[in-house]
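*Asks:* Turn this into a structure:
(2 chains)
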There are 2 protein chains.
Amino acid sequence: MDFTMYETLLQLPLFQGLSKNDITEILTKVKFHFHKFQSEEYICRQDEPCRQVGFLLSGTLQAESRSRDDSYTYSESLPVPHIIELYSLFGLHPRYHASYRAMTDVSILTIDKQYLLDELNNYIPCVFNFSNIICTRAQYLHQQIWRDVRGGLHERFIHFLLERSSRPSGYKLLRIKMNDLAALLGDSRINVSRMLNDMQDKGLVSLRRKEIEIPALERLL
Amino acid sequence: MDFTMYETLLQLPLFQGLSKNDITEILTKVKFHFHKFQSEEYICRQDEPCRQVGFLLSGTLQAESRSRDDSYTYSESLPVPHIIELYSLFGLHPRYHASYRAMTDVSILTIDKQYLLDELNNYIPCVFNFSNIICTRAQYLHQQIWRDVRGGLHERFIHFLLERSSRPSGYKLLRIKMNDLAALLGDSRINVSRMLNDMQDKGLVSLRRKEIEIPALERLL
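*Replies:* Residues are numbered from 1 along each chain as shown, chains lettered A, B, ... in the order given. Got it, this is the predicted structure:
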């Protein structure tokens, strides 16, 4: 095993805490697949079955979630390293909750789900990391839900974005018609438009036809 | 091992799929604690560290969640068998997200967290069940968040309740001032009061001072 492979795995949240010997052993038992994607290529699509765990090793990946009624999409940029939907491997809805698209050249490492149960499960750090990641996801969503909004339109808009974000910072893109956004925020089209233009004047968002681009969500908070 | 113990464990979601031999073996290694609580006693309280997994074996248990700013509480009745916050054992916020109170005589089985990592982890059905339960929790919260609300006050009220419920049915109790509820739903006190009285006329809720009792949430949907 070359030093690079050891370093690569150890930087991934699922493998942190493993010894060099553990990793050497794991490499003889578990099949790791390396994939390259070019800009604009999709790694996987929303609602497809999730049968493997994917790790973003390099490049910029965008998660794009479509609303149930298909009226809008919400996208966010994901940092390296990122695990693609570990929480979709099991449970009642084992399908991707978003589509993942390469924004630059991207490299991804994947492991089939079965290896998690058959092999990685024998390494306490892996089990511990897996449990921590999934529990943290459930806790994060719980906290987003219990972030009560008492303010006006601006607060409801921030809440709308935060609830749908896998992390409360970074680049986000909301593709939506102004009428639909107004309906979802329970306010008038004119008020929503005024708020967004005000945010644009402050350099917080860029507005285009049916698109609201947010360079850094943390600046809105 | 008596037949009853075997049956008891097998009805719990974490142990489903285990063989009788597995369970006999587990009983020699894992300490199971049985607790009895009387009506009105608390099993555990919100924000306390969660260091064990608790199973409701019999009786009626109520989960009571306090809002961050302490302005309201939301309670729901839990069915037997119920696992108490498996998703709070690990992760960044390993504390109870709600308080749990006996509403009748209640019996609870607990297992210390360490046994999950050290022993139960060796049984594939346990690992599989654990992963399914936590992933389902994360997926359920995700779905609640993406249930877009376009309707009026009534739909926003239902959404408020559903998002905060661990399941979309059964008894719920919201303790809140009418002014606070109006602020959270982004409408006027008079409109919220009118909606609630209308629901009371239809037998869907019972209103008392600072309390909204919902005998069966599914009837509101």
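*Asks:* How about A:Ala63: what's its closest non-neighbour residue?
*Replies:* Using C-beta to C-beta, 6 or more residues apart in numbering or on different chains and skipping the chain neighbours, the partner closest in space to A:Ala63 is A:Ala98 (4.3 Å). Any C-beta I mention is one placed from the backbone N, CA and C, and that applies to glycine too.
*Asks:* residues near that neighbour, how many?
*Replies:* 25 (other C-beta atoms under 10 Å in any protein chain shown).
*Asks:* what's near enough to touch it?
*Replies:* Under the criterion of C-beta atoms under 8 Å, 6 or more residues apart in numbering or on different chains, the contact list for A:Ala98 reads A:Gln46, A:Ala63, A:Glu64, A:Ser65, A:Glu85.
*Asks:* Let me know the closest of those residues to chain B.
*Replies:* Proximity of these to chain B was ranked by C-beta to the nearest C-beta; the top entry is A:Ser65 with 7.5 Å.
*Asks:* what helix or strand is the closest one on?
*Replies:* Assigned by DSSP states H and E, A:Ser65 belongs to strand A:61-66.
*Asks:* when you compare where the helix or strand that comes right after that strand runs with where strand A:61-66 runs, what's the angle?
*Replies:* Sequence-wise, the next helix or strand beyond strand A:61-66 is strand A:73-78, with elements assigned using DSSP H and E. Strand A:73-78 and strand A:61-66 meet at an angle of 160 degrees, taking axes from the mean of the first three to the mean of the last three C-alpha atoms, to 10 degrees as the criterion.
*Asks:* Partner strands of the helix or strand just after strand A:73-78 and their direction?
*Replies:* Per DSSP H and E, strand A:73-78 leads on to strand A:82-84 as the next helix or strand towards the C-terminus. Taking DSSP bridges as the criterion, strand A:82-84 sits next to strand A:52-58 (antiparallel) in its sheet.
*Asks:* Run through who's touching the partner strand.
*Replies:* Contacts to strand A:52-58, defined as C-beta under 8 Å, 6+ apart, come from residues A:8, A:12, A:14, A:33, A:43-44, A:78, A:80-86, A:89, A:100, A:105-113, A:116.
*Asks:* Kindly recompute the last result at 6 Å.
*Replies:* A:12, A:80-84, A:86, A:107-113 (C-beta atoms under 6 Å, 6 or more residues apart in numbering or on different chains).
*Asks:* What of stretch A:202-217?
*Replies:* For stretch A:202-217, the surrounding residues in contact (C-beta under 6 Å, 6+ apart) are A:Ser169, A:Tyr171, A:Lys172, A:Leu173, A:Leu174, A:Arg175, A:Lys177, A:Leu196, A:Met199, A:Gln200, A:Arg219, A:Leu220.
*Asks:* Sort out for me which of those are in strands.
*Replies:* Applying DSSP state E to these, the entries found in strands are A:Lys172, A:Leu173, A:Leu174, A:Arg175.
*Asks:* JSON lines for those, including pLDDT and neighbour count?
*Replies:* Listed next are those as JSON lines, based on pLDDT from 0 to 100; neighbours: other C-beta atoms under 10 Å in any protein chain shown:
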{"residue": "A:Lys172", "pLDDT": "98", "neighbour count": "23"}
{"residue": "A:Leu173", "pLDDT": "98", "neighbour count": "18"}
{"residue": "A:Leu174", "pLDDT": "98", "neighbour count": "20"}
{"residue": "A:Arg175", "pLDDT": "98", "neighbour count": "18"}
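*Asks:* So A:Ile158, which state does it fall into?
*Replies:* At A:Ile158 the chain is in helix, as set by DSSP: H, G, I helix; E, B strand; the rest coil.
*Asks:* what are the ranges of the strands in chain A?
*Replies:* So, for chain A - with DSSP E - the strands run A:33-37, A:42-44, A:52-58, A:61-66, A:73-78, A:82-84, A:99-102, A:106-112, A:172-175, A:206-208, A:211-214.
*Asks:* With distance to B:Asp69 added, can I get these in a markdown table?
*Replies:* Conversion of those to a markdown table gives the following (distance: least, C-beta to C-beta, whole Å):
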| stretch | distance to B:Asp69 |
| --- | --- |
| strand A:33-37 | 45 |
| strand A:42-44 | 40 |
| strand A:52-58 | 37 |
| strand A:61-66 | 29 |
| strand A:73-78 | 27 |
| strand A:82-84 | 33 |
| strand A:99-102 | 37 |
| strand A:106-112 | 42 |
| strand A:172-175 | 27 |
| strand A:206-208 | 33 |
| strand A:211-214 | 27 |
